Structure formats: structure tokens, C-alpha cells
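*Asks:* Pasted the sequence and its predicted model underneath.
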Amino acid sequence: MNVIAATTSVRVIEPLWRVRLRLAWRSFQTGWDIFRENPIGLIGLGMIAFFGLMAIAHPLLIATVWPPNVYDPLMGYDKEIIVHPSPPTWIPNAATEIQSLRPLSRFRHILGTDPLGRDVLSQLMSSTQSEFALGMMAALVTVVVGTTLGAVTAYYGGVIDMIFMRISDLVIMLPFIPLMIVLGSMFDFQMLHLALVYGILVGFGGNTLVIKSQALTLKVKAYTEAARVAGGSNLHIIFTHLVPNLLPLAFLSMMITVTNAIFIEAVLSFFGLINIRMSWGIMIQITQAAGYLLTSWKYWYLMFPAGLSISLLCSAFYLVGRAMDAVVNPRLRKR
Amino acid sequence: MGKYVLKRLVQILITLFIFQTLLFVILTAMPGDVTNRMFGNPDIPQKVIEQTRERLGLNDPVLVQYARWWRNFISGDLGVSFSEYPRPVIDIIMERVPRTLTLFLTATLIQFVVGFTSGRVLAWQRGGLVEYGSTLIGVLLYTVFTPWFGLMMIFIFGARLRWLPLGKFLDPAIWNGVKIPGLADSASKGNYVFSRMLLTASIILVLWLVILLLTRKLNSFQRRRILVGGTVGLFVVAGAVWAFSGIGNLAWDIVVHMILPVITITLVGYGGTMLTTRQTMLDTLREDYIMTARAKGVPEKVVRNKHAARNALLPVLTGLIIGLPFTLSGGIITETIFSWPGMGRTLLNATSAEDIPLIMGVFSFIGILALTAHLVADLTYAFLDPRIRYA
């Protein structure tokens, strides 16, 4: 039990975990203040919140307002409309464009239907869930692998350092999409596997280098030596002292990883190389397979929502990452 | 410098070794083996399958297979393709490599030059609409969905405006009747012209670098004039040689087909380069030597180009090095969209056809290409920054 003197006259016994929580909250507040100064970061955060709302809203809508047999993203089919794909129902001349058995409400298909008869907005919203999951999973794996490897190689140096540097050199040079094409032709990939493979590869590659150089600067600081003198074992120093100070930098690279993971998943789905049920890339792929991708602007609702979502979510994470630069690297702060 | 080059070469060779071993591991880890594909017919007796396995050496211990893998790789025997039976894989690859190289090199060079110069200029505009606008455009271009973007370009420029061709790399109508003297009728006319174009481009590049080195001692005004005049002169001479060679219109056909893919790759990569350049230029703003240069009375443009940009060049080059595989992957996507018959599209077609030897061969080559590009970039980096050489 540690005793902290809060004021000079009164001795207060405050548990250690409370102190740590308070300090963490204060550093978070400082970080948030710095982050808030940059409008780019706020825009990014706003976009992420928007997509988060979309992801949460989907099961609610399916449970309440939308009948599942029409609005299910995979197996829904709108029997009222004869010709699929059909344009959004709120467009003024939709009544003449859509051939339906009876007049439809204006909000029936806000983004139209795809060539297989499913509602585009429903597909968009349900894919958001899996995109977020993919991004988070990839980012988590990357951070765990990258931080551990970076800290360990920086701390031990020598042979371990050389081995992992060679491996990470190799991984950096491997072009990722050809590798996924080759692996996708042999093994059956799903979203989770893709996130794992991508996370491990990025964790081993560029991430390790960045975190390692930061860990090297931390290794020579006074508290590391003090910890060693006090008798801390190697593992203790790595995981209690080095890793927590590397976390801000790791968090930054997490953002970039999410961007790339979502983008790569979209490209791989577009080429039909992974076995997942619904995602934005698959929406574009279905549009292309049915032949509607290069037509005029008449089928804009098939192409634009998915492509735009990919762009917006990727750039949202990237902007947040850019704004986090100032938080992580004190030299970049405006003051 | 020589010692550094040697050290880097050895490291690259070690990495190549590990890479090939990795490929072998993937190949053997795959469930089943080649005989699964050869013997789909259930009437074939099991004995024949066993005999074939024995003959192909699939029952040998793993280390023997590994040694054989290496021997074949070094002698250039990469197997026979399944989908284009009986063409050997190395043949197919040699046919497609010049096309990928042309696209990749041109696009990377242009993207780097344009991104760097525009980033350099934009960094000096502080605050206001230009800064936010350029950041926005940069981020949008960086995250745009490449297949969609390529298709949009084809749609606008090829289908609607009809300025540029829709895809592929040549127009058969022009090439059909042309007879190239000295070339066998069955050989690839496309590759003939392609390799000559690559040769011309490399000669121009080497001569340009020579002019750059020779004019180092002159002052910047004369030097700039000589450089610009020299570049224009080189291109004029090259154009004249091609125009009078009789196959000039074929080369022009290829160039016209190359415009749209190169623009697409450039625009997609431009965002990243410009953003990184701007960021590193802003970092150099705070350095003391900028303040000194301004106090000396050096004009703003010279401060920007000669002092800040040169120091900002290094991290941008690092970013380019790290992003090289990404550019290569982007090249693969673009090749598929534009039906450009290079290695990327070959890889994708081989994957759909499940042509294992071709997949492995192309992937090996892509790996080697990435490693070579990495080596060249590292050497350029060491040439530009003396601290690396003597570290």
C-alpha cells in the first residue's frame, strides 16, 4: 500500500490504482486538448462517429421498421419492384422509372436496389459493422505484435535485433496484394483470417521499425537504468516501463493500419479473392459483374455509395492519425 | 560508398534467399500436390498416380525437393504453365516483364517528381484556403478506390470523350501489316518495340544524369538553362531517331495507350507523396538554418528549394522506398483495369485458372523486382545522404 501526501497538513491514504487512474485521465485530457485544436482531427472523428452510428442503427432498423425478407443485406428481395436494379425511391420521377406492382412509399429504398434485388442502404450499413471489425482486429494485432517486437528487439539488441531486422526488411519488401492473391488461390480466406494475416505482416514490417527507434530512445532514459538498479528483471522493464510509453506511437500507427486494411479488403473483394459475405468491395464487385459499372450516371446509386464509403472511412482514420501526430510528437505541437 | 554498396548487396541476397525459401514453404504447405490437378478422372488406377508421384519426385524427402527447387530456380527453369500449356513459365514471364517495367518506372518517376515539386510549393503557402484545399485533395486522392478510379478514367476519357484508347497496349489494326526487318514472323513485335523504347528511355536517363554531374561547377542560372535545354534536346533527338526508323508510329501507338494508366497510377500515388513532402517541409521550417538563410537575404524561392527542400527530400524518399510494394500492388490493379498485359494481370489470370507454376513464377519475379527497386532506392538514398554511408 502506498501512501501519497495530498497536502502538507493532512496525510491521506490513496490506493495506487486510483492515483494511476487520475494521472491517466489527466494525460488523456491534455492529449484531447491538443487534438481538439486541429480541425482536421475533429472532421475525421466526426466521420468515424457517423459510420459508427450507421453500424449501430442497422440491427435496430431491421428489428423495428424494416421487414427482414425485403431488407436483409444478403437474402432480401423486393418483390414489389419488377426490374432490379432500381433507382432510389425519393427521386422525383421515380414513379415512372420503377416498375412496381403498386405505388411505393418515398422512403422505401433510399439508395435503390442492387442487381440482385437487395436494398443498397441496408447492405451499406451492415457492411460497416464488418469493416469496423476488420479494421479494429487488424489494428489490434498490429499493435500487439509491433509493440512487443519493437520493445524486445530494442531492449536486447545484438543477434535478436539482426534477425528481426532481416525479417522485417523482407516483409516490407513483399508486395502485399500479390501475396494475398497467391495465398487466396490456395487457402480459403475469410474476414478474420485477412485481418490476422494483414495485422501480423504489418506488425512484423514497418511498424516494428518505427516502434523500435522510439524504444531505443526510451532505453537510454534515466528511469530504465533506475529500474534496473532497483532490481527489475528484463521482462518487467520491457512491459512496465517501455511498452506504456510506446503506446501513443502505437496508437498512431493503428490508425494508418485501419485505413490500409479496409482499402486492401475492398480491393481483394473487388477481384473476388476472399470468401466473405458482404462488404463494400463486394458491392462494387457485384455491380461490375452484372455489367453496370461503366454505364452512364443512370446507375450512380450502385457505384457511388460503396466507393464513397470506402474513401470516407479510410480518410477519416487517416485524418485522425494525422491529428494524433501532434499529440504523440511534442515537437510538432503549435505552442 | 563501395563498402556500403557491398554490404547492401549481401543483405539483399540474404533476403532473396529467405524469400525463395518462403515460397517453397507455401508451395509444400498447400494441401495436396500437383497430381491432384493432373488426375481428375476417377477411372485412372491408383498405381499410375503413385508412379507419377515417384517420377515427379514428390515422394522425396523435403530437403531433396528444396535443393531441386533451388537448382531449378538458378538455372531459370520455372516449370511449364498449366493454363498456357505447353509454354514454359519463364517464356511467359520474359514476354510480360518489359511491359510492367515500363509502366511501373514511368509512373513512379512522374508521381515522385510531380508530388515532390507540388508539395514543396504548397508547403510554403501557410494558412487559408490553399492549405486546407490541398490537404483535402491529397487525402481524397490517397484513399480513392483505385479500381473505381481507373474505370472512371476509362469511362470519361475513353468512352465519352473518345480521346484515349479503352485499354490494352496496342491497336492491332495498326500493327497487323507491319513487317519488321530482321525479326522472325512468329516473334513478338510488341516486345521488340517495347525493349527498344526501354533502351531509349534508359539512355536518355543516363545522359541526363551525366549532364547533371558535369554542370555541378557552374552557377545555378547557367546550370538551369543547360539542364532545360539539354532535356529538350535529348527528347527531340530521341523523337527524331524514332520517327525516321520506320516503326515510329508503332511506338507512338504504345505511348498513347500508356497515357491513361500512367495518369491513373500517378494521381493515386500523388496524394501520398505530396502530403508527406508538405509535412517534412513544415518540419524543416523550424530549423535554424532557414532563419539564417532568411537573415542573409536569400530570396524566398532559393530558401525553399535549396535549403528546405533538399533536407525534406530524404524522408520523402524513405516513404517512397517503404511504399514501393504498395506502388507495385497498385500497378497490378491498374494493369487489370486497363487490360494492360503485364505481370500483374498475368498473376490474376493465373489465380483464376489455378495455374500454380505460373503463379509461383510470377510471384518470384515480382519479389525480385521489389527487391531490386528497394536496392536502387537505398543506394540513391545513400548517395544523397552522406550520413548513411559512414554510419
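*Replies:* Yes, it's here.

*Asks:* okay, now residue A:198: neighbour count?
*Replies:* The burial count assigned to residue A:198 is 24, neighbours taken as other C-beta atoms under 10 Å in any protein chain shown. From N, CA and C alone the C-beta is placed, and that goes for glycine too.

*Asks:* Looking at it now. What's its pLDDT?
*Replies:* In this prediction, residue A:198 carries a pLDDT score of 86.

*Asks:* what about it, helix or strand, and which?
*Replies:* In this structure, residue A:198 sits in helix A:191-202 according to DSSP states H and E.

*Asks:* mind listing what's buried in that helix?
*Replies:* Going by neighbour count (16 or more other C-beta atoms under 10 Å in any protein chain shown), the buried part of helix A:191-202 is A:191, A:193-195, A:197-202.

*Asks:* Same check on stretch A:264-279?
*Replies:* Counting neighbours by 16+ other C-beta under 10 Å, one finds that the buried residues in stretch A:264-279 are A:264-274, A:276, A:278-279.

*Asks:* ok, which of those residues also contact chain B?
*Replies:* A:266-267, A:270-271, A:273 (C-beta under 8 Å from any C-beta of the partner chain).

*Asks:* one step back: farthest-separated two in the buried residues of stretch A:264-279?
*Replies:* Checking those against each other with C-beta to C-beta, the farthest-apart pair comes out as A:264 and A:278, at 17.1 Å.

*Asks:* And the lowest mean pLDDT element among the helices and strands of chain A?
*Replies:* Confidence across the helices and strands of chain A bottoms out at helix A:94-97, with a mean of 62, counting by mean pLDDT, DSSP states H and E.

*Asks:* circling back: could you dump the ones next to chain B among the buried residues of stretch A:264-279 into TSV with secondary structure, distance to residue B:147 and pLDDT added?
*Replies:* Supplementary listing: these in TSV, determined by DSSP: H, G, I helix; E, B strand; the rest coil; distance: C-beta to C-beta, whole Å; pLDDT from 0 to 100:
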residue	secondary structure	distance to residue B:147	pLDDT
A:266	helix	9	85
A:267	helix	7	83
A:270	helix	5	83
A:271	coil	8	80
A:273	coil	13	77
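
*Asks:* Quickly name whichever of these is closest to residue B:239.
*Replies:* Ranked by distance to residue B:239 (C-beta to C-beta), those are led by residue A:267 at 37.5 Å.

*Asks:* what sits against that closest one?
*Replies:* Residue A:267 makes contact with A:177, A:281, B:145-147, B:333, according to C-beta atoms under 8 Å, 6 or more residues apart in numbering or on different chains.

*Asks:* Which one (most neighbours) among the residues you listed?
*Replies:* Neighbour counts for these (other C-beta under 10 Å) peak at residue A:281, which has 29 neighbours.

*Asks:* was I right about that residue contacting residue A:265?
*Replies:* Yes - applying C-beta atoms under 8 Å, one finds residue A:281 in contact with residue A:265, separated by 6.1 Å.

*Asks:* need the residues of the stretch 51-200 of chain A near chain B, please.
*Replies:* Residues of the stretch 51-200 of chain A lying close to chain B (C-beta under 8 Å from any C-beta) are A:166-167, A:169-170, A:172-179, A:181-186.

*Asks:* Any of those residues buried? List them.
*Replies:* For these, a burial check counting by 16+ other C-beta under 10 Å picks out A:167, A:169-170, A:172-179, A:181-186.

*Asks:* from those residues, which ones fall inside strands?
*Replies:* For those, not one is inside strands, with DSSP state E as the criterion.

*Asks:* center of chain B, which residue is that?
*Replies:* residue B:104 (2.8 Å; C-alpha atoms, centre = their mean).

*Asks:* Who are the packing partners of the helix or strand hosting that residue?
*Replies:* With elements delineated by DSSP H and E, residue B:104 resides in helix B:89-123, which encompasses its position. Taking 3 or more C-beta pairs under 8 Å, 6 or more residues apart in numbering or on different chains; DSSP states H and E as the contact definition, the neighbouring helices and strands of helix B:89-123 are helix B:128-143, helix B:189-214, helix B:248-285, helix B:309-322, helix B:324-337, helix B:343-353, helix B:356-384.

*Asks:* Report the contact partners of the closest residue to residue B:141 other than its chain neighbours.
*Replies:* By the measure of C-beta to C-beta, 6 or more residues apart in numbering or on different chains, the closest residue to residue B:141 outside its immediate chain neighbours is residue B:271, 3.4 Å from it. Listed by C-beta under 8 Å, 6+ apart, the contact partners of residue B:271 are B:137-143.

*Asks:* Between those, which sits nearest residue A:30?
*Replies:* Using C-beta to C-beta, residue B:139 comes nearest to residue A:30 of those, at 26.4 Å.

*Asks:* Wait, that closest one touches residue A:320, no?
*Replies:* No - using C-beta under 8 Å as the test, residue B:139 is too far from residue A:320 to be in contact (11.5 Å).

*Asks:* Burial check on residue B:23, number of neighbours?
*Replies:* Using other C-beta under 10 Å, residue B:23 is surrounded by 18 other residues.

*Asks:* Likewise for the one 3 residues further on?
*Replies:* For residue B:26, the tally of surrounding residues (other C-beta under 10 Å) stands at 16.

*Asks:* hmm, whichever strand or helix holds it touching chain A?
*Replies:* Counting by DSSP H and E, the secondary-structure element that holds residue B:26 is helix B:2-29. Yes - under the criterion of C-beta under 8 Å from any C-beta, helix B:2-29 makes contact with chain A via B:11, B:14-15, B:18-19, B:22, B:26.

*Asks:* Any of the residues you listed buried? List them.
*Replies:* B:15, B:19, B:26.

*Asks:* ok, and for the helix or strand hosting residue B:240, which residues are buried?
*Replies:* For residue B:240, the element it lies in under DSSP H and E is helix B:220-243. Of the residues in helix B:220-243, B:223, B:226, B:230, B:234, B:238, B:242 count as buried by neighbour count, 16+ other C-beta under 10 Å.

*Asks:* now stretch A:128-142
*Replies:* A:128-132, A:134-135, A:137-139, A:141-142.

*Asks:* if you look at those, which of them are in strands?
*Replies:* Reading strands off the buried residues of stretch A:128-142, I find no matches (DSSP E).

*Asks:* All the helices of chain A, residue numbers only.
*Replies:* Along chain A, the segments classed as helices by DSSP state H run A:16-37, A:39-63, A:68-71, A:94-97, A:120-156, A:158-173, A:176-186, A:191-202, A:208-219, A:222-229, A:234-236, A:243-270, A:280-289, A:300-328.

*Asks:* Can you spell out which helices and strands pack onto the second one?
*Replies:* With contacts taken as 3+ C-beta pairs under 8 Å, 6+ apart, helix A:39-63 sits against helix A:68-71, helix A:120-156, helix A:300-328.

*Asks:* And residue 305, what's its pLDDT?
*Replies:* As the question left the chain open, I've gone with chain A. Turning to residue A:305, the model gives it a pLDDT of 84.

*Asks:* meant chain B, my bad for not saying
*Replies:* The predicted local distance difference test score for residue B:305 is 78.
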